[in-house]
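>>> Please work out how this folds:
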Amino acid sequence: MGETTPEPQPERILNRRNTDEAVREERSKTDDRLKEERSTTDQSLREERSITDELLDPQRDEQRVGEVIRESRTEAERVLRDIRADSDVQLEKQADGLPQMSEKLEQVADSLSKAAASLTGVAAILHDSSVDLVTNIAQISQDLKGTGASADAPARPAAEQDVSGTLTEQLAEIAEGIADITSTLADERRDADQSLREERQVTDRIIGQELQQVETNLGQELREERHALRQDRQATDKDLANERRNTDEAVHHVQGMLAEERRDHAHTARGVATRNEFLSIVSHDLRGPLMTISGVAALMDQQAPADETGQRMRGWADRVRRSVSVMERLISDLLDFNSFEDGQLRVAAERLDIRSLVHGAIDAFHGVALAKGQSLEADLPADPVMTKHDPHRMLQVLSNLIHNAIKCTPEGGSIRIRVARAGVFCRVSISDTGIGIPDGELTAIFERFRQLNPSDHTGLGLGLYISQWIVEAHGGKIWAESQVGVGTTFHFTLPEERRSS
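As a prediction, the model looks like this:
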């Protein structure tokens, strides 16, 4: 006998304790998630309302208006100061030019004074020279004609008067020019001051109008913004109320579903416990009568005479034994199903040649296939194919698959078993020429209590379900390929055990 070691349970095993724990964890996660979402929603609402209240506060509006007005006035004053600074700079430039011009005028006046003094000296010299000349001429004329004295005597004052009058007129004209220039500069200064005052008045008036317009526009914008904020707040409150109502309804609905799920789970748990107890009782109570029936059938077979009546008796005994075999298989399926649901599947794996297992299965079903006019054959490799498996469990798998193939294949059909290597696995295939399975059922047939023909009461629909558990417990997998009207092939794999050289 090989070493008996329990294989690890498949990941699909989920007992009632794990189901209860999963339900509690899911319920706790749901409650935490709902609390977190509601807390987040409340926090967002508080922040939004705080911002809205702050924006809708009248004092804040007045502060904002005052701030805008102060900013506008500050900007206007700054612009006005710049304009006035430019004007003052220009006036200072003009004022700086006036002393220079006055100084130049004084220099001109000094020059004119000096010129006048020079002209006065020249005039005096000319006056003295003219007096002597006139005297000489007068004397000469008097000597020559005796008449020149009366005509030439008034000429002396006339020449002197002409020179002095010309200088006086020129000096007066210069003084008048200086006075005109000074008057013109004063007028220009007065005109510049007047223009500056008028410009400042216009600037102040424009700034006041602009400030008034800004205040009006700002007040209108604030009123419109406040109205929009009120509408947004009303809409937000309405949406939040709807959201909270929907959230409360969802929470109540989830809580109702969880309560219903707990009731259903408790009911299911009670049903499973009752079912398991019932299966144990029925299986135990049925095995005794079946053993009695099987013993009577064997006794009938042994005590049957050799005549025709005895042959009929042996036929009846064979039918009884087949019925007993079917009943024992159903009881075994029920007990295996109960073990699988409780996570108690155990396999006693040994390193064996899979070909021996296939030969044993063919020998067991050869007579059944012949009775239906079917052929049951095997294609096996010439060399041993060693796998680590539990021979009793794997024979159960092969028996389920071969039994289904015989049941679904009409008279005259064929069933073939093939064994081949597939990488590190050994693949066993059972093919038939039966009615086939629709594509949508190729996965569902491995579910528990699933039967393709609901009117078939020869089984419980647990054979493929149990076979899948056994194969997966050995580290392999099982699947089906089929074509309706042509036939079906079931495949399952087992890890191959190769000796290292």
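>>> alpha carbons only for contacts and neighbour counts from here, please
Will do.
>>> who touches the residue lying closest to Cys408 once chain neighbours are set aside in this structure?
Distances taken as Cα to Cα, 6 or more residues apart in numbering place Gly434 nearest to Cys408, at 5.3 Å, with adjacent residues excluded. Residues in contact with Gly434 (Cα atoms under 8 Å, 6 or more residues apart in numbering) are Ala405, Cys408, Thr409, Pro410, Gly413, Gly485, Val486, Gly487, Thr488.
>>> tell me which strands and helices whatever helix or strand Val251 lives in is in contact with?
Element membership for Val251 (DSSP states H and E) is helix 155-303. In terms of contacts (3 or more Cα pairs under 8 Å, 6 or more residues apart in numbering; DSSP states H and E), helix 155-303 is packed against helix 16-56, helix 58-144, helix 308-341.
>>> hmm, 6 Å instead?
The contact analysis (3 or more Cα pairs under 6 Å, 6 or more residues apart in numbering; DSSP states H and E) places helix 155-303 against helix 308-341.
>>> could you give the mean pLDDT of the helix it packs on?
For helix 308-341, mean pLDDT is 74.
>>> Show the subsequent helix or strand relative to that helix.
strand 350-353.
>>> what's the burial count for Gly288?
Other residues near Gly288 come to 11 when the count uses other Cα atoms under 10 Å.
>>> my bad, should have said Asp187
The burial count for Asp187: 12, using other Cα under 10 Å.
>>> Look up how far Lys93 lies from it.
Asp187 is 16 Å from Lys93, where distance means Cα to Cα, to the nearest Å.
>>> repeat for Arg24
In terms of Cα to Cα, Arg24 sits 93 Å off from Lys93.
>>> Just want to know which of these two has more residues nearby.
Counting neighbours by other Cα under 10 Å for Arg24 and for Lys93 shows that Arg24 has the greater number, 14 against 11.
>>> my guess is Leu350 contacts Thr387, does it?
Slight slip there: residue 350 is Glu, not Leu. No: Glu350 is not in contact with Thr387 according to Cα atoms under 6 Å; the separation is 7.8 Å.
>>> quick one, which of these two is more surrounded?
Thr387 (21 against 17).
>>> Now Asp390: phi and psi?
Main-chain dihedrals, Asp390, degrees, to the nearest 10: phi -90, psi 110.
>>> Show me where the stretch 351-500 of the chain dips below the pLDDT cut-off.
450-460, 499-500 (pLDDT under 70).
>>> Helices along that one, start to end?
In the stretch 351-500 of the chain, the helices defined using DSSP state H, counting those that start in this stretch lie at 354-371, 391-408, 463-473.
>>> between the first one and helix 391-408, how many degrees?
With axes from the mean of the first three to the mean of the last three Cα atoms, to 10 degrees as the criterion, the two stretches helix 354-371 and helix 391-408 enclose an angle of 30 degrees.
>>> Setting aside sequence neighbours, what's the nearest residue to Asp353?
Asp353 sits nearest to Met386 (Cα to Cα, 6+ apart), 4.5 Å away.
>>> Surely that neighbour is in contact with Leu494?
No: Met386 is beyond contact range of Leu494, at 9.7 Å (criterion: Cα under 6 Å).
>>> When these two are compared, which one has more neighbours?
Taking neighbours as other Cα under 10 Å, Met386 and Leu494 compare with Leu494 leading, 24 against 19.
>>> in terms of contact, does the more buried one touch Val428 like I think?
No: if you go by Cα under 6 Å, Leu494 and Val428 don't touch, sitting 8.3 Å apart.
>>> Which neighbours do those two have in common?
Counting by Cα atoms under 6 Å, 6 or more residues apart in numbering, Leu494 and Val428 have no common neighbour.
>>> Distance check, Ser294 against Leu395.
22 Å.
>>> More neighbours: those two, which one.
Counted by other Cα under 10 Å, Ser294 and Leu395 do not tie: Ser294 has more neighbours, with 20 against 15.
>>> The more buried one: what's it in contact with?
Arg321.
>>> okay, it: pLDDT?
For Ser294, the predicted pLDDT is 79.
>>> next one: Leu218
80.
>>> how about the helices of the stretch 351-500 of the chain, which one is nearest Asp264?
With Cα to Cα, the closest approach to Asp264 among these belongs to helix 463-473: 24.2 Å.
>>> Now do that closest one against helix 391-408, angle only.
150 degrees.
>>> can you offset everything so residue one is 35?
That works, and once the first residue is 35, the last one we named lands at helix 497-507.
>>> Need the contact partners of helix 497-507.
By Cα under 6 Å, 6+ apart, the surrounding residues in contact with helix 497-507 are Val431, Asn434, Phe480, Glu481, Arg482, Lys511.
>>> now do stretch 339-355
Ser328, Ala331, Asp335, Ala338.
>>> For the residues you listed, could you give me a markdown table that also reports distance to Ala262?
Converted to a markdown table, these look like this (distance: Cα to Cα, whole Å):
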| residue | distance to Ala262 |
| --- | --- |
| Ser328 | 92 |
| Ala331 | 96 |
| Asp335 | 101 |
| Ala338 | 105 |
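>>> for the stretch 35-184 of the chain, which spans come out with low pLDDT?
Scanning the stretch 35-184 of the chain for pLDDT under 70 picks out the ranges 35-54, 56-57, 88-100, 102-103, 106, 110, 121, 125, 128-140, 142-184.
>>> again, only this time at 80
Flagging of the stretch 35-184 of the chain using pLDDT under 80 yields the residue ranges 35-62, 64-69, 71-72, 75-76, 78-80, 82-184.
>>> quick revisit: wait, what's in contact with the residue nearest to Asp387?
Per Cα under 6 Å, 6+ apart, neighbours of Met420: Leu386, Asp387, Glu530, Glu531.
>>> can I get these in JSON lines with neighbour count and distance to Val402?
Formatted as JSON lines, these follow (neighbours: other Cα atoms under 10 Å; distance: Cα to Cα, whole Å):
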{"residue": "Leu386", "neighbour count": "19", "distance to Val402": "27"}
{"residue": "Asp387", "neighbour count": "18", "distance to Val402": "25"}
{"residue": "Glu530", "neighbour count": "22", "distance to Val402": "31"}
{"residue": "Glu531", "neighbour count": "17", "distance to Val402": "33"}
